[in-house]
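Peer 1: sequence first, then the predicted structure, then my questions.
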Amino acid sequence: MVFALLLLCACSSSDRSSTGATVPGSTSTTDPYAVPATIDIPYLNRVFLALEKINGDATRLIVANRRITPEAANLLHSILTDDAFHDATEVWNEQIDGGLAGFRADPGDRKIAVTKVLAVRVDCVAVEVSNDYNAVRREPIAPSAGKISLASRPRAAPNPTSWVIAKDLKSGNLPCA
């Protein structure tokens, strides 16, 4: 059983090189989450590591309390668009109703590795990823391919990045709105 945080925006199917794409008006600093002039795979992997740490913290709270606590909801909302948050809470409620079968008692963080940058805009990035849920699941499974779009949003604690997950798919297109 794999849980995936879901839906909303997404990015253009216009293909970009997996090495990165230039974003007008972006800056480069010593801040690891500052949007660089060229958004590349190493930058996106840093962003996903931060987002999945927050997602993991929310997951641990939900599993420990067997409900979506206000703190877990705040964590999830900090890394998801409004629509994706709504969809994720529906998925979580289904998992809770099912007794959280398949989740470790003390789950770790999902590991996301960007394999290809599909599209980059100032307000949206679409990527192909490899998802590894083994730190979350009781029974191991092979990592799975997926597509994720990120939407830009002003930084707000606890999310140190300027990005939130807008859509998380196993397959399909991620057209940017």
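Peer 2: Okay, I see it.

Peer 1: who touches stretch 70-80?
Peer 2: 5, 51, 54-55, 57-59, 61-62, 65, 68, 85, 88-89, 156-159, 164-166 (CB atoms under 8 Å, 6 or more residues apart in numbering). The C-beta positions use only the backbone N, C-alpha and C, and glycine is treated the same way.

Peer 1: give me that answer again for 6 Å
Peer 2: Residues outside stretch 70-80 that contact it (CB atoms under 6 Å, 6 or more residues apart in numbering): 51, 54, 57-58, 61-62, 85, 88, 158-159, 164-165.

Peer 1: can you give me the buried ones in the strand ranked longest in the chain?
Peer 2: The strand that spans the most residues within the chain, counting by DSSP state E, is strand 111-121. Neighbour-count burial for strand 111-121 flags 111-114, 116-121 (criterion: 16 or more other CB atoms under 10 Å).

Peer 1: need the CA coordinates for whichever strand or helix holds E71. CSV is fine.
Peer 2: Assigned by DSSP states H and E, E71 belongs to helix 70-79. Provided in CSV are the C-alpha atoms of helix 70-79 (Å, rounded to 0.1, in the frame of the first residue of the first chain):
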residue,chain,number,x,y,z
PRO,A,70,-3.9,20.2,14.1
GLU,A,71,-0.1,20.2,14.1
ALA,A,72,0.0,17.5,11.4
ALA,A,73,-2.6,19.5,9.4
ASN,A,74,-0.4,22.6,9.7
LEU,A,75,2.7,20.7,8.6
LEU,A,76,0.9,19.2,5.6
HIS,A,77,-0.6,22.6,4.6
SER,A,78,2.9,24.1,4.7
ILE,A,79,4.0,21.8,1.9
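
Peer 1: pLDDT averaged over that helix - what is it?
Peer 2: Helix 70-79 shows a mean pLDDT of 98.

Peer 1: which element follows that helix toward the C-terminus?
Peer 2: helix 82-97.

Peer 1: so what secondary structure elements neighbour that next one?
Peer 2: helix 70-79 (3 or more CB pairs under 6 Å, 6 or more residues apart in numbering; DSSP states H and E).

Peer 1: re earlier: name the strands paired with the longest strand of the chain and say parallel or antiparallel.
Peer 2: Applying DSSP bridges to the sheet, strand 111-121 is found paired with strand 124-132 (antiparallel).

Peer 1: give the rounded mean pLDDT of the following helix or strand past the strand it pairs with.
Peer 2: Going down the chain from strand 124-132, the next helix or strand is strand 144-152, by DSSP H and E. Strand 144-152 comes out with an average pLDDT of 95.

Peer 1: before we move on, what about stretch 124-132?
Peer 2: 95.

Peer 1: with stretch 92-103 instead?
Peer 2: In the prediction, stretch 92-103 has an average pLDDT of 96.
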